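K.L.:
What would the 3D arrangement of this be:
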Amino acid sequence: MQKVAFILVPSFSESEWLNKKLQRVTRSFIKFLDKSEHPNLCKMFEVSSHEEIGNYLDEADYLVVASAGTIILDRDHLWEKINNMPDDVGLVTHLMQFPEDETTWMHEQFYVLKTSCVSKIDFSQGESVGPQLVRSEEYVHGEHTPLEVTLGEETTRTMKFGSKLIQAVLESGHRVTNLDSDWRYPESIPYYMQNGIPVQAYVSPYKSTEAFEKAHKSLTITDDLDESQKLYIEMVNERKSFNFVNVHSFEVPVERPQVETVIVPAAGMLGELTAYYAYAENIIFYDNNPNNIAFKKHLYENWNGKDYEEFAKQYCKDNNLNFEPARDGDIDLMNKYVDETARYVYPNWNEIKQLNVTFLECDLITDIDTVLADVESTPLVRPTTILHTSTILDDKYLLSNILYDEEQIEHAKEKILANTNIFWYYPGRTDFL
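P.N.:
Below you'll find the model as predicted:
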C-alpha cells in the first residue's frame, strides 16, 4: 500500500461552469502537490461526494482530500507536512465550532486522514447520543477554529459535517488537530506568497457564486466577492503579469530524433540543449511571458558563454524581475539538467548562437497557428520539427486551466496532431525518445 493518495471532491456550488472550472484548477494543484519519486504510484481519485471516500481506505496510509476550490501555493512545505505527520495524529483538518454549535465539526475544503484509524466513514449529521467533542481553548485564526479536540462525557449532541469522523478517529486513540500556523505557513515566506495567502486556502465557490463566476471569467475583482475570491483573482493576475524570468528550465530535453527545427518555450537552456541533441539548425522560441523572450534576446546579443548564472541574476536585478525557478521542488528538477547544460551548451555557445533563431511572443493555446506557421504539414516518413509544449497543454499546468476553457486547450492539441511534420513532445511521452 502506498503512503499517500489524493482525493478530489466537487465544490457543489450552484454554477455548473464554476464547478467544472474549479475542478480542473484544484486537480492541477493536487498534481502539482504530488512530489513522490514515483508519481504513477501516487494515485488520485475523483469522487462525487465525501461519502465515497470510505471506498479508498485501502489505497494508502494517508488520504489527502481536497474540495474543488482548494488552492495550494507551496507544495514543498505541504508535502513535507503530509509525509511527516506524527504517528499519534489521525486527522488534520479545518476544525470549526461557532458559539451556536453544540459540538466541533470539519470544514470540507481540505483534510488529511490516517486510514488505519477508521474502518468506515460516516458523514451523517443530526442529533445522536455519544461522547461530547470537547474543543481546546487554544485556536488557530479565530475563536471558531479550535486547535484540537478531545472526547468528553457521553451526552446527546447535534453532529455536523465531519463530527462523526472526528469521533471515530479520537476513539481509535489518535489525535485530531487543526491546520495550524505551522501547516499553513512555511518558516520562510516565498515571494509568491507575500500577499498573505496561506499554503492551502479555499475560494468558497458557494459564496457569491454568480458574482464569482463573472469575476473569474474576466479576472476582475468586484466588491461583492468573498475575500478569499478576491485574493485568488489577485494571485492569478499577479502570476499573469509574469514578473519573473525562467532562467533555468526543469523540463526534459528531447534527445531524439534528429530534426532541422526545434520549437520550444523560452525557458532556460531547454531550446539550446534540445537543438544540440537533435542536430537542429533552427530554434523557434515561443512564450507568452514577454520577460522570457526579452531575456533570450538579451542573451543572444550580449552573453559570452561564461558565468551564465551571474549574467542572469544581474539581468533580473537590473529589470526588477524575480529569478525562477524559486520553489524547492522545481529547483530539484532543474538540477537534473544543470550538468548537461554545462557540458553541452556553455562550451559550444559560439556555435549555438549562430543557429537560425526566431522569437515569438505569443500564446501557444490561442496563437497555435502562429507557432506552427512555418511548419508545413507534409506526409514525410520522418518529421523535420520537434515541438516541445512543456506542461502548457497538460492538466498539471495551473495557469492554462485557469485562463482557458477545456475546449480551447483541446483545439490547440488537435492543431498539433493534424500537422504530420511534427514530433510532439510533452511531459511523460517516451515513445520516440
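
K.L.:
residues of stretch 247-267 that come out buried?
P.N.:
Of all the residues in stretch 247-267, those buried under the rule 16 or more other C-beta atoms under 10 Å are 247-254, 259, 261-267. From N, CA and C alone the C-beta is placed, and that goes for glycine too.

K.L.:
again with stretch 290-299
P.N.:
Using 16+ other C-beta under 10 Å as the test for burial, stretch 290-299 gives 291-296, 298-299.

K.L.:
any idea which of the residues you listed is closest to Ala201?
P.N.:
Distance to Ala201 across these (C-beta to C-beta) is lowest for Asn291, with 26.8 Å.

K.L.:
Out of the buried residues of stretch 247-267, list just those in strands.
P.N.:
Among the buried residues of stretch 247-267, DSSP state E puts 261-265 in strands.

K.L.:
Show me which of these is closest to Gly90.
P.N.:
Comparing those against Gly90 with C-beta to C-beta places Pro265 closest, at 43.5 Å.

K.L.:
quick one: low-confidence ranges for the protein?
P.N.:
In the predicted model of the chain, residues 35-41, 187-196, 328-329, 379, 432-433 satisfy pLDDT under 70.

K.L.:
Show me the domain layout of it.
P.N.:
The record's domain parsing of the chain by automatic domain parsing lists 2-184, 244-425.

K.L.:
so which of the ones you listed gets nearest Glu213?
P.N.:
With C-beta to C-beta as the yardstick, what comes closest out of the domains of the chain is domain 2-184 (4.8 Å).

K.L.:
first to last residue in the closest one, what's the distance?
P.N.:
Distance between the two ends of domain 2-184: 25 Å, counting by C-alpha to C-alpha, to the nearest Å.

K.L.:
sorry, back to before: for the buried residues of stretch 247-267, work out which two are farthest apart.
P.N.:
By the measure C-beta to C-beta, Val247 and Val259 form the most distant pair in the buried residues of stretch 247-267, at 25.9 Å.

K.L.:
which outside residues touch stretch 377-388?
P.N.:
Stretch 377-388 has contacts (C-beta atoms under 8 Å, 6 or more residues apart in numbering) with 251, 254, 257, 259-265, 270-271, 274, 278, 280, 371-372, 375, 416, 418-426.

K.L.:
what comes up buried for that stretch?
P.N.:
Buried, per 16+ other C-beta under 10 Å, within stretch 377-388: 383-388.

K.L.:
now do stretch 174-190
P.N.:
Judged by neighbour count (16+ other C-beta under 10 Å), stretch 174-190 contains these buried residues: 174-180, 183-186.

K.L.:
I'd like those as JSON lines, with distance to Ile7 and secondary structure appended.
P.N.:
Converted to JSON lines, the buried residues of stretch 174-190 look like this (distance: C-beta to C-beta, whole Å; DSSP: H, G, I helix; E, B strand; the rest coil):
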{"residue": "His174", "distance to Ile7": "19", "secondary structure": "coil"}
{"residue": "Arg175", "distance to Ile7": "22", "secondary structure": "strand"}
{"residue": "Val176", "distance to Ile7": "18", "secondary structure": "strand"}
{"residue": "Thr177", "distance to Ile7": "20", "secondary structure": "strand"}
{"residue": "Asn178", "distance to Ile7": "20", "secondary structure": "strand"}
{"residue": "Leu179", "distance to Ile7": "17", "secondary structure": "coil"}
{"residue": "Asp180", "distance to Ile7": "22", "secondary structure": "coil"}
{"residue": "Trp183", "distance to Ile7": "18", "secondary structure": "helix"}
{"residue": "Arg184", "distance to Ile7": "21", "secondary structure": "helix"}
{"residue": "Tyr185", "distance to Ile7": "24", "secondary structure": "coil"}
{"residue": "Pro186", "distance to Ile7": "24", "secondary structure": "coil"}
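
K.L.:
what's the strand ranked longest in the chain packed up against?
P.N.:
In the chain, taking DSSP E as the definition, the longest strand is strand 148-159. When contacts are defined as 3 or more C-beta pairs under 8 Å, 6 or more residues apart in numbering; DSSP states H and E, strand 148-159 sits against strand 126-135, helix 163-171, strand 175-178.

K.L.:
Helices of the stretch 201-350 of the chain, residue ranges please.
P.N.:
For the stretch 201-350 of the chain, the helices defined by DSSP state H, counting those that start in this stretch occupy 209-218, 227-240, 270-278, 290-302, 308-318, 328-344, 349-352.

K.L.:
who touches the fifth one?
P.N.:
The one in question is helix 308-318. Residues contacting helix 308-318 (C-beta under 8 Å, 6+ apart): 245, 247, 269, 295, 298-299, 303, 321-323, 346.

K.L.:
now swap in the first one and tell me
P.N.:
Outside helix 209-218, the residues within contact range by C-beta under 8 Å, 6+ apart are 13-15, 17-18, 21, 203, 205, 221-222, 224-226, 229, 233.

K.L.:
Quick check: Ile422 touching Asp374?
P.N.:
No - Ile422 sits out of contact with Asp374 when judged by C-beta atoms under 8 Å, with a separation of 11.5 Å.

K.L.:
okay, the two: which has more neighbours?
P.N.:
Legend: neighbour count by other C-beta atoms under 10 Å for Ile422 and Asp374, higher for Ile422 (21 against 13).
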